[in-house]
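**Q** 3D model of this:
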Amino acid sequence: MNNKIRTYGGFIMNQSFVKKYGTLLLLAAGAGIIFQLPYIRETFYPQIQAAMNLSNAQMGLLSSGYATVALLSYFIGGIVADRFSARKLLTFSFLATGALGLWFSTFPSYNVARVIFVLMGISTIITYWSACIKATRMLGTPEEQGRLFGLQEGLRGILNALLVFGMTAAYSFFAVKSETLGTSMAIKVCSITVIIIGILNFIFIEDTKKEENTESLGSVVKGMFKALTIPRVWVLVAIIFTAYSVYGLIGYVNTYAVQYYDLSAAMGSTLGGIRYLLQGVGGIIGGFLADRLHSRIKVIAGGCILLAISFGLFIVLPVKASLLVAVIINFFFGLIFIYAVRSQYFAVHDDAGIPLEMSGRVSGIASALGFAPDLFLYTLVGGWMDTYGAAGFKMTWAYAVVASLLCVVMAFVLSRIIKKNASKANA
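**A** Numbering: from 1, shown residues only. Reported below is the predicted structural model:
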């Protein structure tokens, strides 16, 4: 009998299957939960804004400070992923981010908070992101890439939802005494969870054997610059840039509903938890649909067309409290669409013919440049909201419509490039 097959209470367990999907579960937990702190505005925006007495523009600058450092960190992380063993670096990343979250939960001065977010730009990227993408690709065959990334996105959403519900429960319990205390305790719950995930990584993630790291650092850096000369890489960057812009903007719907549709702050945070459950739905649907259609590109293009329609509805819906239910329903559909798209914009690397040995550096480049909207987007739209109020939100939704449609165009361009390369290979 194959020693990889064992029976437990009548159930047959394949050890390689358990290891494969157990690793995927841990990667999904880490990929989602570690980013809860730098992106805390997605669920506790009004509460943090009130606790620190910040304008929308200042809230945007916190995110921009994080993004500025993260930009360089993505490049470095791409090199690290292709060169070094991950276990100790991953553990440090989680422990450091958790500690920074505990510091932020004390609500220090605005300038100190900016320093904290800058430091999180280092701790959440260099030792984790590209390594996570590469590790996910290595778990399966090319035919499984869609479902693996879709499952990772889905599991990430479900685990995020559980965390956000826990944070919201802590907020609601302590907010009876003080909303500031409630917000602080919610952030502490998140920070402690991040630290626990770091400990689990140290226990369960295996170190890469030294002999596997045979490529010199110089050759990896040279390979990074070589990857920049590949046209497909730039199209991948454009797809992520436009889709990520939409992903960032949909997070403002909570705040929009709180400020203009009479949604309570506590219910707004609860919607943040539901958002991550829908991440599970959208990610899993997107992954399996991509494998069934044999095309991750079709999922990206179709999802972005639906996103353009969803944001268009936000523009035309009048600002009336009686339309709150319509806003929430449209928000839910938009979340399913964006997470279906997001589940595939790294899986599409396989469609684009990016070799596995270049996966770390290409994902580093694609992430650094593709996530560049973080550098300016939140400050820009925060200024619109401060200056124009409800009209500023409408301008934000129009930006999302344009970004969605541009992503469709970029997906079409990548499809043409892939077909052209396939024709040359068969000639």
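**Q** gap between residue 68 and residue 338?
**A** For residue 68, the distance to residue 338 equals 24 Å [Cβ to Cβ, to the nearest Å]. All C-beta atoms are positioned from the backbone trio N, CA, C, and that covers glycine.
**Q** Of the two, give the one with the bigger neighbour count.
**A** Taking neighbours as other Cβ atoms under 10 Å, residue 68 and residue 338 compare with residue 338 leading, 30 against 17.
**Q** What strand or helix carries that one?
**A** Using DSSP states H and E, residue 338 falls within helix 324-342.
**Q** what does that helix contact?
**A** Contacts with helix 324-342, where a contact means Cβ atoms under 8 Å, 6 or more residues apart in numbering, come from 153, 157, 243-244, 246-247, 250, 253, 256-257, 261-263, 271, 274-275, 278-279, 281-283, 285-286, 289, 299-300, 303-304, 306-307, 310-311, 313-314, 317, 407.
**Q** Tell me the secondary structure of residue 39, please.
**A** Counting by DSSP: H, G, I helix; E, B strand; the rest coil, the backbone at residue 39 sits in coil.
**Q** Which residues are in contact with residue 91?
**A** When contacts are counted by Cβ under 8 Å, 6+ apart, residue 91 touches 198, 199, 201, 202.
**Q** Remind me which helix or strand it belongs to.
**A** Assigned by DSSP H and E, residue 91 falls in helix 87-104.
**Q** got the buried residues for that helix?
**A** Buried residues in helix 87-104, counted by 16 or more other Cβ atoms under 10 Å: 87, 89-104.
**Q** Would you map the helices across the stretch 51-200 of the chain?
**A** 56-81, 87-104, 110-123, 129-137, 145-175, 179-204 (DSSP state H, counting those that start in this stretch).
**Q** List the buried residues for the longest helix seen in the chain?
**A** For the chain, the helix with the greatest residue count under DSSP state H is helix 390-426. Neighbour counts over helix 390-426 (16+ other Cβ under 10 Å) mark 392-394, 396-397, 399-401, 403-404, 406-408, 410-411, 413-415, 418 as buried.
**Q** number of nearby residues for residue 106?
**A** A count of nearby residues for residue 106, using other Cβ under 10 Å, gives 12.
**Q** how about the spatially closest residue to it that is not a sequence neighbour, what does it touch?
**A** Nearest residue to residue 106 in three dimensions, chain neighbours excluded: residue 184, at 7.1 Å (Cβ to Cβ, 6 or more residues apart in numbering). By Cβ under 8 Å, 6+ apart, residue 184 lies in contact with 51, 105, 106, 107, 174.
**Q** Could you report the distance from the nearest residue to the last one once chain neighbours are set aside to residue 195?
**A** Translated: residue 174. Distances taken as Cβ to Cβ, 6+ apart place residue 182 nearest to residue 174, at 4.1 Å, with adjacent residues excluded. Note on residue 182: its distance to residue 195, by Cβ to Cβ, is 21 Å.
**Q** And these two? Which one has more around it.
**A** Neighbour comparison, residue 182 and residue 195: the larger count goes to residue 182, with 25 against 16 (by other Cβ under 10 Å).
**Q** Just list the residues touching the residue lying closest to residue 180 once chain neighbours are set aside, thanks.
**A** Of all residues not flanking residue 180 in the chain, residue 51 sits nearest, at 4.5 Å (Cβ to Cβ, 6+ apart). Residues in contact with residue 51 (Cβ under 8 Å, 6+ apart) are 107, 179, 180, 183, 184.
**Q** before we move on, what about residue 128?
**A** 30, 31, 34, 77, 89, 90, 93.
**Q** Pretty sure residue 407 sits against residue 237.
**A** No: the pair residue 407 / residue 237 is not scored as a contact, 11.8 Å apart, by Cβ atoms under 8 Å.
**Q** now the helices: where do they sit in the stretch 251-400 of the chain?
**A** Under DSSP H, counting those that start in this stretch, the stretch 251-400 of the chain gives helices at 253-260, 265-293, 296-316, 324-342, 348-351, 359-370, 377-388, 390-426.
**Q** Just the CA atoms of the third one, as PDB, please.
**A** If I follow you right, that is helix 296-316. Written as PDB, here are the backbone C-alpha positions of helix 296-316 (Å, rounded to 0.1, in the frame of the first residue of the first chain):
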ATOM      1  CA  ARG A 296      -8.100  33.500 -16.900                       C
ATOM      2  CA  ILE A 297      -8.200  36.400 -19.300                       C
ATOM      3  CA  LYS A 298     -12.000  35.900 -20.100                       C
ATOM      4  CA  VAL A 299     -12.700  36.000 -16.300                       C
ATOM      5  CA  ILE A 300     -10.800  39.300 -16.000                       C
ATOM      6  CA  ALA A 301     -12.400  40.900 -19.000                       C
ATOM      7  CA  GLY A 302     -16.000  39.700 -18.100                       C
ATOM      8  CA  GLY A 303     -15.600  40.700 -14.500                       C
ATOM      9  CA  CYS A 304     -14.400  44.200 -15.400                       C
ATOM     10  CA  ILE A 305     -17.300  44.800 -17.700                       C
ATOM     11  CA  LEU A 306     -19.700  43.900 -14.900                       C
ATOM     12  CA  LEU A 307     -17.700  46.200 -12.500                       C
ATOM     13  CA  ALA A 308     -18.100  49.100 -14.900                       C
ATOM     14  CA  ILE A 309     -21.900  48.600 -14.800                       C
ATOM     15  CA  SER A 310     -21.900  48.300 -11.000                       C
ATOM     16  CA  PHE A 311     -20.000  51.600 -10.500                       C
ATOM     17  CA  GLY A 312     -22.100  53.200 -13.100                       C
ATOM     18  CA  LEU A 313     -25.100  52.400 -11.000                       C
ATOM     19  CA  PHE A 314     -23.500  54.200  -8.000                       C
ATOM     20  CA  ILE A 315     -23.200  57.300 -10.200                       C
ATOM     21  CA  VAL A 316     -26.900  57.400 -11.200                       C
END
